[in-house]
Each structure stands twice: as C-alpha cells, then as structure tokens.
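Q: After the sequence you'll find the predicted model.
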Number of protein chains: 4
Amino acid sequence: MNSIGTALRLTIFGESHGELVGAILDGLPPGMKIDMDELNREIEMRKPAPLIGTARHEADEVKIASGVKDGILTGTPVLFIMENRDVRSASYGDMQFIPRPGHADYTAFVKYRGQSDFRGGGQFSGRLTAPIVAAGAVARQYLSSKGIRVAAHVVSIGTVVDGTEYTFDTIENKRFGNEIRCIDGAAAAGMRDAILGARSDGDSLGGTIRCVADGVPAGLGEPFFDTVEGEISRFMFAIPAVKGIEFGSGFRGSAARGSVNNDQFVISRDGKGVVTATNNSGGINGGITNGMPLVLRVAVKPTSSISSKQRSVDLRTMQETDLVVRGRHDPCIVPRAVIVVEAALCTVLADLYLRSGLK
Amino acid sequence: MNSIGTALRLTIFGESHGELVGAILDGLPPGMKIDMDELNREIEMRKPAPLIGTARHEADEVKIASGVKDGILTGTPVLFIMENRDVRSASYGDMQFIPRPGHADYTAFVKYRGQSDFRGGGQFSGRLTAPIVAAGAVARQYLSSKGIRVAAHVVSIGTVVDGTEYTFDTIENKRFGNEIRCIDGAAAAGMRDAILGARSDGDSLGGTIRCVADGVPAGLGEPFFDTVEGEISRFMFAIPAVKGIEFGSGFRGSAARGSVNNDQFVISRDGKGVVTATNNSGGINGGITNGMPLVLRVAVKPTSSISSKQRSVDLRTMQETDLVVRGRHDPCIVPRAVIVVEAALCTVLADLYLRSGLK
Amino acid sequence: MNSIGTALRLTIFGESHGELVGAILDGLPPGMKIDMDELNREIEMRKPAPLIGTARHEADEVKIASGVKDGILTGTPVLFIMENRDVRSASYGDMQFIPRPGHADYTAFVKYRGQSDFRGGGQFSGRLTAPIVAAGAVARQYLSSKGIRVAAHVVSIGTVVDGTEYTFDTIENKRFGNEIRCIDGAAAAGMRDAILGARSDGDSLGGTIRCVADGVPAGLGEPFFDTVEGEISRFMFAIPAVKGIEFGSGFRGSAARGSVNNDQFVISRDGKGVVTATNNSGGINGGITNGMPLVLRVAVKPTSSISSKQRSVDLRTMQETDLVVRGRHDPCIVPRAVIVVEAALCTVLADLYLRSGLK
Amino acid sequence: MNSIGTALRLTIFGESHGELVGAILDGLPPGMKIDMDELNREIEMRKPAPLIGTARHEADEVKIASGVKDGILTGTPVLFIMENRDVRSASYGDMQFIPRPGHADYTAFVKYRGQSDFRGGGQFSGRLTAPIVAAGAVARQYLSSKGIRVAAHVVSIGTVVDGTEYTFDTIENKRFGNEIRCIDGAAAAGMRDAILGARSDGDSLGGTIRCVADGVPAGLGEPFFDTVEGEISRFMFAIPAVKGIEFGSGFRGSAARGSVNNDQFVISRDGKGVVTATNNSGGINGGITNGMPLVLRVAVKPTSSISSKQRSVDLRTMQETDLVVRGRHDPCIVPRAVIVVEAALCTVLADLYLRSGLK
C-alpha cells in the first residue's frame, strides 16, 4: 500500500509519466498557517542542478487542493497535486522487456506481469519523491511549532568525503550553500569533479547523507516494534536508492568498546536538565528519544541509470543481450536526495510526536 | 504497541524480572506440523556461552499453550510461554533513579514517569528476544515448506573481522560450529580473545552480523512504503542494541560507481531463469525481491552494561554521580544475537510471503 | 483518519464547500479495464431528484487522474477528483456558533475548537459520499469480474413500507425504476407523497435500505474481530445518517426460536453444492460468508436539516436561542443513499475478497 | 487476525476445548491499580445460571501473568490466562462433517478445509468471550478513572419485552438483580418462563440488550471511517450471535420525522454546559460523542445449538441427513451476553479515549 504513518498518515499517488503525482497528508491538527513560500523553497531544493543533474526539467508547481482554507489547516486531509509536464515517454520504449540493471523493471515484471512496463517507468520513479518533499515541508512546519528542526547534508559522494560532524546550526545554515549540499567547500568541489567525471564516462555515483533533528523532546517512540529507529528506517527505505541506514555511531560504534560508545549522563550547561556527554546513540536509547539531537546517516547507491553499455536479458526471448539505457538521468542523485531525506525525517517525527500525546 | 506484521502478526509480552515472557504468532495457515525439537535447538542457540556470556542461566523451556493440536497448527493464534526462573531483582535496586549509560533507563523514566524502574529492567530487556526466537522458529518452519532458508553469522566483533562473503550453504552448515558463531576458526579465536579481554577490563564489545535468505521468490514486497528493506529494518531495530542495517553492498556500495554496483541480468546456469551476475542489491530491486539471495548486515553496539565506573545523574537530586552497574551481563551479545537476527528475518519474510498471495 | 480497508484501502478528502472532493483507492490489481460509462451512471444515481431532493445541483464529473492508463488499471493508487461547482457558502454563516440539531456542528466545535465552522460545513458533509460512489463503482467492476453483484433498494420511508424480500435479480433490475428507488410502485408513490408532505411542513423523513450481494463465495471474513458483519458495519456507519444495521433476520430474528431462525443445510438444486433452506443468517455464519446471498438492512435517520424553527444554544453567549436552518437541503436522502450503500458494500467486499487470497 | 483496537489493542487466543483461553491488552498507561475482586465479579456475571444456562461449568479463574506488578499496571502488555477444565470433547465427534445449522461449522470447513472440526468447536466458541470479559473489566477500571461508566440490561428475550428506557443509575444498580439481567421483575419472570419453555421443547431463544455509557466526554471518535458507531459495531459483531446493532433511536427513529428525531440543544440544568433535550442520537453526532449518554441496542439471535432434530448435509457423502446436536448448551445466552456487551463497549471506549489525546 502507498501509505505510511499512524497518527499522521502520508499517501502518495501518480506515475512518473502520467498526468500528475501527488500526496495526501492526513492527521495534522487544524489551525496551523501554511507558509507556501517556504514549501516552494523546499520543492526547489529537490530540482536537479545544471550539469550534475538530469536534463528533465519539471516546473514542480505544488497545488494544495484541499485541507487548507485561507492558508490555514482545517484538520481534513491535505491534498498536494503536482502536474507532470516534461514527459517524453518514447524514451522508455524498449525497457519493458529488457530490464535495466539496478532498476525495478525486472521485479515489477515478475510482480505485475503484463503491466510492468508502466509501473517500472511509473510508480517506482524518483518523481514520487516530489510530493514527499511537499508533504514533508508541511510536516516540518508542524514540527517547527514544537521547536523541532531538521537538516541534512552530503557526507560523501563516491570516495570524496566530508566527515566533519557539524553542529545542527551549521548544517541548517550552510547545507544549501552549494549545489552539492556539502558543507565543506573543498570537499564539495571534489564531489562536483567526481560527478562530472562519472558523467563523462557514462557512469554514475552514489554517496551518503547525514541528517540531524534538533529540539526533539525525550520520550518519542516505544521499545521493540515501534522504535524511533525502526519507524524512521521504514520511511528512509522508501526513498529510491537508499540501501543502508545507521543511527549515531552505527557501524563504526559496533567496533568500539562499551566504555567508549556509552553516552554518560551529565547535567546540561544551563543546569536544568539531563544530557549526554557524547551522542553515540544518535539521540535514541531503547528505541525512545533521549532529548539529544537525533542523528542518522543513509547510504545512497549510485544511480542505476547509466548510459554505458550493460548486459541484460530480453524477457520475451530469454536471451542475454546488450542494453544501452536512453533517456535523461542524473549521474548522481545524492545532492537532490538531501531534501528528500529531510522530508522523510520530518514526516516520521511529526507522526511520532502526534502519537506521543505531547501537546 | 508490542506487535508487528500485517498478514503474520507477532505480539510479545512479559518482563525480564516478572513471572514469564512470551509471544503470540497470529496468521499462519492451519495444517503445518511443528517440529518442537528444531524449535528447542534454536532456543538453545540464544543461550549465553560459558565465559563469554552472562552468568544468568535460564532454562528457557518453551510451552506452546494454544494454536497447536496434536503438534499441528490449527490456524488460531499460537501462544508461546517461557517462565522466568533465575531472577535476582535485588541486583537492580539503585538503577531506577540513576540511569545506566547506553540503557533505556533514562528514556523510560521520562516516558513512563513513576513506573520506569520496572520497565527499564523489564520490557526493554533482551530477555524478550527469547520468545522472538521461539516464534521465529515456527515462522522458519513455514518458510522451509516454501523452500526458503535463513542463516546468519558473525562478521565482526570489536575490530576482529571475518569479511568473507560465504555462500548460503556454508553459513547454514557452519554458523553454529563454535560459540562465537563466526565461520572462520582463526577469526573466531581472535574474537573470543577480544571478548575475554574486554570482560577482564570490565568492558564490553559489539560487532556486526550478516544474514542471508536463500530460495526467496521474486516478487515479495512493494515499492515505496512497504519495501522489503523497510519491513525488515523495522523488525531488526526491535532487537536491542542494533543501531545500523544495510542491504547488499550497502554503505560500501555507495562509494562505488553505477557500472560496478549495478547487477547485470543474465540467464541462470540451468538456463531456466533470470539471475544477476553480482548481488550488490542484496536481492532487492525497487523494494521487491528479485529471486537472488537476500543479504543484509546489522550493526550491534557494544553491550551497555559494563562493570567499570561510569558517570550518570541521580534523577532525584539532579546531581552527577559515579555509577557502577552490578548484575550479571554479557560482555558481548553478538554471538547470541545471531539466532535472534535469523528469527527476525524469518518472521518478516513469512509475513511478506503470506501478504504476497503466493501459494 | 480518513481511510478504510486492509487489502483495498479507500481514502477520501475534500470539503463540501471547498474546491473539490475526491478519493484514492489503493490495492486493486493491475489489468482491469474501467467502464467509465457505468461509473458515471452510478454517480448519476446519487444525484437529487427534482422536488424530493435538494436544490443544490452538482455536475459531479469524475476525473480519474492517476492509476489508470489507456482505461486500464495500472496497480498504482486510483485518484478520483470531483470539483465542487454549485457552492453558496454564505448560506452557512451563522451556524458556526449555533449548532444545528442532529448535525455534527456541536461535536465538531468541541473536537476542533476554533476550526469547527469549516469542518461542520465541510468534512462531515454528505458531499463526501460522491467520491465514495465513484470508488465503489470501480470496486464493483472488480467484484463483477469475480461473479459478485450488489444491489440495494428502499424498504421504508417514514412509515411507508415495502417489506417484500425481493430476489436479487428483481432488485438489480428494478431498483432504479423510479426516483424513490423502491421496487413496489404503490409503495413508491406513498413514499413520494410522504416526502412531499414533510417538505411542505419544513420537515424531513428517514427510512431503511436493504442491500443484497449475490455470488459471494463462501469463506470471506474471519471469526471474532474481522467478521464480515463488523467490517461492513464500520463502513456503513461512515455514511452520514446511518444509525442502525442488521444482517439477515437481525432484530426480527432475535424474537424467534432457534428452530425457526436456524438455516438448515440442504443440497442445492443443481445437486452440486451446499446451500441453506432459509437465509436468516444473511449469508454469514461465524463472521464468515457461507455462499448464500449476503443480506443487510440499514436505518437512515431523517435528514437533520429542516427548515422549521428549532432550539439551540449560542456557543458564544451560552444562551438558548431559536434557530432556523437556511440553505438547500434534501427532505429525505434515503433514495440518494441507495447507491451509496451499494458502493460501501462493494468496497468492503472487494477488500474482503482481496484479503481472502481467492483468485 | 485476532486483534482489535488502535491505541488500546486487544488480542484473544485459545480454543474452547484446548488447554486454555486468554487475551492480551496492550496500550494502557502504567500506574493504575487493578481491582481483582471487581474483575472476578464481572467474570462471575458471565457464568451460566442454573436451569436457564448450559450445564458446562468452568471455574473461570483468571490469572494476570504479565503487565502487572504488585497489583499495578506497568505499561507492558497485560496477559490474561484462563485454563479450560470442564471439557468433554467426545460430545462433538460427528459435527466435523455434518455442519450444525446456525453454527460456523460449514464456513469453517470451507475456509480451513481439513482443520475445520477443530476450529468449529474451537476458535468460534463463545468460550472466547471469557477473556474478553476479563480484559473489558480492566478497560472499565481505566474508564472509571476518567468518570466513564458502562452498564447494560436485557430488553427482550423471545417476544417478552421490557421496553422502559431506564436511567443509567437504575441500570447500573439493578442489572444483576436477577439471573435474567432484566430490570423489570415481571418481565424477567416472563423471560425465565419463555427460556424454560424453549428448553423443554429442545429449542432456544434470542433477544436484545441495551447498553449505556455515562460520563462519556464530547469529542471521541471521528467523522466517516473512525466513527464511534463503526468502531463499536466492529467489536459488537465479534460477540457470537450478535446480528444487529442500532444507536439511539436507530431503526425506530428512521420512521420518525426530523423535527421529532432531532435532539435540540439546551443549557444543562447546572447552567454550565450544552446538553440535548432528547437523546435520539444515542450520544453521537457525525460519528463523534456529544457528551450525552451513549446508548446502543444489539440483537442476539437464538442459540444455534438446539437439541431437536434438524436437517443438514454430510460433507463427505454430500447427502442430506438428519442431525441431532448433542453436548451441553444454553437455551438462551442473552443474560450471559450482558456482561460481554459491557466489556466490548468498555474496551472500545477506552481505545477511543486513549486515541483522543484527552488526559
């Protein structure tokens, strides 16, 4: 099913090469004023940058067609509609029987036999992340009213890494300072070169994104099956190309000793509360937020669409064949995925907040 | 809520230091014969090994009290009950107001104010993984009837690594060959030394576990919100101490180029089907299984309970204080977690299989 | 939340006096051809008849904006959009602080304090049943491909009753023969007179509707919490003004003896199967369909909006006051509700069918 | 699935003729003291009365095996276990292939072919209502802490009716004053005679039960798919033998005019709030509670098990045959169902209350 969430439910619909894509966000309380300018700024952040992104250009205008009156949430489901404009379906003609490596063409063929061509170029498309960003922008405005902020940045693209663990304020202020969404300028330049290099080779790159939430109150989430980690992961893996996730020290922490990885409890600087001296837990103990910043990192695989020749199988003849993927593609979607990761985290946190019963 | 799953729903209950722990598994079709010996063997695999595990010893006898008649599933909910025997609650007296670093004591205190002591030593406990293993054993027997097998092994403990990507058969046959659950004998010996070293220092270690499912048919899972990766992750993060997960090439793959990371489609050796030449996707494209082995890796943090002195805060006085955690603990739970990871994957795959409508 | 269903999920959105209303239907398998003419005929059946219905006239054009390609379901969520045209919001000005008896104005005021005016005239409106009919028409076409048909008819309006238990074929063929949707012509005439009488008195009428499903296979539904009765009821009570439901002999049967109410099992006329000699169970034993026609009856209360003077309370001053409800209203919605009841049953049955795993 | 509820989830398990039956209640906040004496009193109310009930006698001892410490809820799932003692399985030998009219034997045979005998005498049994009563008793104690009380009484058995609309206090105080659970003594006597008459004829009777909740705050429930009526109905139809439900004036109200059926809003006697002058809505407007008593009535069909001869089909030979149902049965379960209906309403209301976010 194309829905996620318990107290705040997001449903997405539409196809990459159909008439429109969109989303419904159900569960936000009435009364909040929507800042459409801010929403549109976030939509803008998802667009491909010149040279390093795809040549497909979508206007990406969002229309909120229900759930808002005079700019204010009414409590009814919020409907986001984004028309598709720059569609060139002809580009995809052959693929329905010759699955592209790394794509969902083959699994869609098996699962939806006879209709797979449409879905492969349709429902699985990264185009569906556009309404996710729109809905996430509204979820973010709800979180903001509770003092919760979310920001992400590119940590690595290919083998170029900006490993600094920046403070939340730095990330929030600088993450959109360049088209790579990488805080460190030198690293960003290296990443840009790497992307252009891959592009000129007809190849692609992946990378990693770090996302932080600040101001998250302690007490969100539950032990075992409704953990904060589990709920966030389920949404992050909805983002096409995400293949890994870790919280706090994650995989690195699994190599450390407990005396190093444990976060000791101390009194906060203002003397008023309990904080941890380090944050290897990524702000989550026992599946529940502890009041420290929530920190996660996701792995984004290199774009599956590459223009160099690959091997595949013609499913009609069951013969192996060469395949050259045509169409307009991003050599690296990692910079564009930054705002999608933020939107996902905003949506999950708003759901967890609403579930928690906090006011 | 303490439930997970859609077509197959697992509910757990009980407390570490209460009378019992247990589980309900609802949704399996009637008619399957349960192999209790096999189930008990899997329970046995979760027990602590001498020296490297906790000194707490639970008989861990599982009783199936409903849902089975004459050894055969009736289609009604299967109830697993495991009594707690070796309970020494006195060991935990102080902790209710002085939260242990790395544990859920503090978050439980915030979330369930006034009852947190019980929950911290109760619902959050790894003891709840015992009924998860019992239920997972039944889910595994269901999968087995569909030709699906699951096996996991220890890849690393601390900084000692066995990085070989073993075939499924090797993992299945050799994973319980030593108490470390590491396939390579030399690496296992190094891991054992590392654990004993940490123990003698009053410290602990974490590690990573690789889990593989063989025989998974193509077509399980859905795009976006019900992806195989997302459904599995939600369960894996229910295992206490898991802080990261990746599928196929995961984080490593995010540093590669698309031409390397894409899995080219080829005809299988027997000429009958489509397979991929490599398996960097971990058997999943677009959130849906592609018929290749499903491969994942989880990061397990070092055990939070260590006997050396740590800093914490007395929540009554809001003063920082030293804390020495008493009680019986595992210096490293990674070996014991292998069967829990398998049980989690078995339960999720059985749910996905039942949802898929495949017979 | 504005969603219902497990394997087939319906979500509705929009407001009576906003820009549009609509629905998403998620879960239908790909490949079915949609008959838009038939869908539009069903939408037509929901429109008010001259004289006996409201003076508000909606074009009620349905647009399927995603999930269908070349008239064929693609397997992705089906989006229905219906624009609102004949909106006169000024009519509702006063009601936000002086709740109309029988309406949701007061409960909306309490639940959504500060936004209730909008919701009372918005989300609670019978206008939302238009997309329910559209989605139900598609669900019906799916059921039809499985040999399942659904039809309903008016049994009573006010005190005028057509108590005949018509066969399914009669209902299906004759239910739209007059504007009352009552099979018996004489009774229909009496009902029409009763409605016109109530209208001229500034008053309103309710009634009862009987709905039958033919061709339902045995085995849908589950014991206890997912009974066919319970699943259907949950949807029927979503139809504004429904206040009661019974299956088979229902309330009448509760006064009979078991020897009369039990349905004896016999061999069917064609000698091939098991049927029951009577159908007091309404086709459901133990929450599961038994292969006989599914029969239910719902009670629809008289329209809450009446033009005669009523008493209410001004919620600003907390003083009792007279209230005269303006606006355009149906003196009796029962005839229009017939197609809505059918749509609800179609949607639930399609969900139950998809859940059952039958092909 | 054998679960119901969103914020408060009830799961039942066990079989009538297995080792035990039981329930899990998950979602209650920690800290509430459980009154076991009161819980046991309610269990007692479900037992058959001499002469008018079955001869099967269960001790019905309830053990709470987890979720409670020192008599206080811990916030973890509450496990109720009730052992079966007086089981005589031999009585049911023939029925697996000759379905009893009115029972789920045939539908279970179709749905769970090969295992149906067990389920027919197992999972579908009214015995499962025992743990529902136990869980409902705990839900009731939670409601009580919020000022909400629930009580039901028998309105009719067969054709003997006590139609008085008693106040809540009268129902609460007098409902268990006789074995019939009918408030009016003369009507109770008539009902008793009717039951004994049916019994001596080898026959059975049904009836109706009215259930009222007092102190329900305005604002529970939601429009459309999560209406109070719909949520309650889903649970009520889980009670074996319930075939109809109505709220407030229900079916009777559907024959009235709007001017009569509408509940006018007036100021309450103490001058502090808004109430309605009548309560034909049963305390629910637009699917949401309005602060008036919640009133519903359910239809209970006559007990399917009767000792007089009936017709059925031998499913092995597909020949019609006579059937005489042996075993111990209630000639009328309506009196025993009173506490089950209360338990169902308590559980649903506690769920709705917890969902509402009210403190």
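A: That came through, no problem. Numbers count the residues shown, from 1 in each chain, chains lettered A, B, ... in the order given.

Q: Every contact and neighbour count from this point should use C-alpha atoms.
A: Will do.

Q: State the helix or strand in which residue A:103 lies.
A: Here residue A:103 is covered by no helix or strand, with elements defined by DSSP states H and E.

Q: which residues does it contact?
A: Listed by C-alpha atoms under 8 Å, 6 or more residues apart in numbering or on different chains, the contact partners of residue A:103 are A:120, A:304-305, B:285-286.

Q: pLDDT-wise, what's the bottom of these?
A: On pLDDT alone, residue A:120 ranks lowest of the contacts of residue A:103, at 48.

Q: Tell me the helices and strands packed up against the helix or strand where residue A:38 lies.
A: With secondary structure defined by DSSP H and E, residue A:38 is part of helix A:36-45. In terms of contact count using 3 or more C-alpha pairs under 8 Å, 6 or more residues apart in numbering or on different chains; DSSP states H and E, helix A:36-45 is assigned the packing partners helix A:129-144, helix A:334-356.

Q: Check the offset of the shortest one from the chain's centre.
A: Taking C-alpha atoms, centre = their mean, to the nearest Å, one finds helix A:129-144 lying 11 Å from the centre of the chain it belongs to.

Q: try stretch A:183-194
A: Counting by C-alpha atoms, centre = their mean, stretch A:183-194 comes out at 21 Å from the chain centroid.

Q: Could you give me the buried positions within it?
A: Of the residues in stretch A:183-194, those scored as buried under the neighbour-count criterion (16 or more other C-alpha atoms under 10 Å in any protein chain shown) are A:183-184, A:187-192, A:194.

Q: quick revisit: near chain D, list only the ones from the contacts of residue A:103.
A: When contact is defined as C-alpha under 8 Å from any C-alpha of the partner chain, those do not meet chain D at all.

Q: that older thread, mind checking which of the buried residues of stretch A:183-194 land in helices?
A: Within the buried residues of stretch A:183-194, membership in helices is found for A:187-192, A:194, as judged by DSSP state H.

Q: how about the residues you listed in TSV, adding distance to residue A:269?
A: Compiled in TSV, these are given as follows (distance: C-alpha to C-alpha, whole Å):
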residue	distance to residue A:269
A:187	33
A:188	34
A:189	37
A:190	38
A:191	38
A:192	40
A:194	42
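
Q: okay if I get those residues as TSV plus distance to chain C and pLDDT?
A: Output for those, formatted as TSV (distance: C-alpha to the nearest C-alpha, whole Å; pLDDT from 0 to 100):
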residue	distance to chain C	pLDDT
A:187	40	98
A:188	38	97
A:189	40	97
A:190	40	98
A:191	36	98
A:192	36	97
A:194	36	97
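
Q: before we move on, back to that, out of the buried residues of stretch A:183-194, who's nearest residue D:241?
A: Minimum separation from residue D:241 among those (C-alpha to C-alpha) is found for residue A:183, which lies at 66.5 Å.

Q: wait, isn't that closest one in contact with residue A:175?
A: Yes - Residue A:183 is in contact with residue A:175 according to C-alpha atoms under 8 Å; the separation is 5.7 Å.

Q: Give me the common contacts of these two.
A: Taking C-alpha under 8 Å, 6+ apart as the contact rule, the neighbours common to residue A:183 and residue A:175 are residue A:153.

Q: what residues are up against residue A:284?
A: Residue A:284 is in contact with A:228-229, A:290, A:292, A:294, counting by C-alpha under 8 Å, 6+ apart.

Q: what's the pLDDT at the closest residue to residue A:129 other than its chain neighbours?
A: Computed as C-alpha to C-alpha, 6 or more residues apart in numbering or on different chains, the closest residue to residue A:129 that is not its neighbour in sequence is residue A:340, at 6.6 Å. Confidence at residue A:340, expressed as pLDDT, is 98.

Q: right, and residue A:340 touches residue A:131 too?
A: No - taking C-alpha under 8 Å as the contact criterion, residue A:340 and residue A:131 are not neighbours in contact, 9.7 Å apart.

Q: what ranges do the strands span in the stretch 201-350 of chain A?
A: Counting by DSSP state E, counting those that start in this stretch, the stretch 201-350 of chain A has these strands, from start to end: A:207-214, A:242-247, A:265-267, A:274-276, A:284-285, A:288-289, A:294-300, A:310-314, A:319-323.

Q: Using a markdown table, lay out these together with distance to residue D:66.
A: Below are the strands of the stretch 201-350 of chain A laid out as a markdown table (distance: least, C-alpha to C-alpha, whole Å):
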| stretch | distance to residue D:66 |
| --- | --- |
| strand A:207-214 | 36 |
| strand A:242-247 | 32 |
| strand A:265-267 | 31 |
| strand A:274-276 | 31 |
| strand A:284-285 | 24 |
| strand A:288-289 | 22 |
| strand A:294-300 | 33 |
| strand A:310-314 | 56 |
| strand A:319-323 | 59 |
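
Q: Looking at these, spot the one closest to residue A:153.
A: Of all the strands of the stretch 201-350 of chain A, it is strand A:207-214 that lies closest to residue A:153, at 5.6 Å by C-alpha to C-alpha.

Q: Please work out the average pLDDT along the closest one.
A: What strand A:207-214 shows for mean pLDDT is 98.

Q: Alpha carbons of it, in PDB - could you do that?
A: Coordinates of the C-alpha atoms in strand A:207-214 are reproduced here as PDB (Å, rounded to 0.1, in the frame of the first residue of the first chain):
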ATOM      1  CA  GLY A 207      27.100   8.700  -1.600                       C
ATOM      2  CA  THR A 208      26.000   9.200   2.000                       C
ATOM      3  CA  ILE A 209      23.800  11.800   3.700                       C
ATOM      4  CA  ARG A 210      23.800  12.700   7.400                       C
ATOM      5  CA  CYS A 211      20.500  14.000   8.800                       C
ATOM      6  CA  VAL A 212      20.100  15.700  12.200                       C
ATOM      7  CA  ALA A 213      17.000  16.700  14.200                       C
ATOM      8  CA  ASP A 214      17.400  19.300  16.900                       C
END
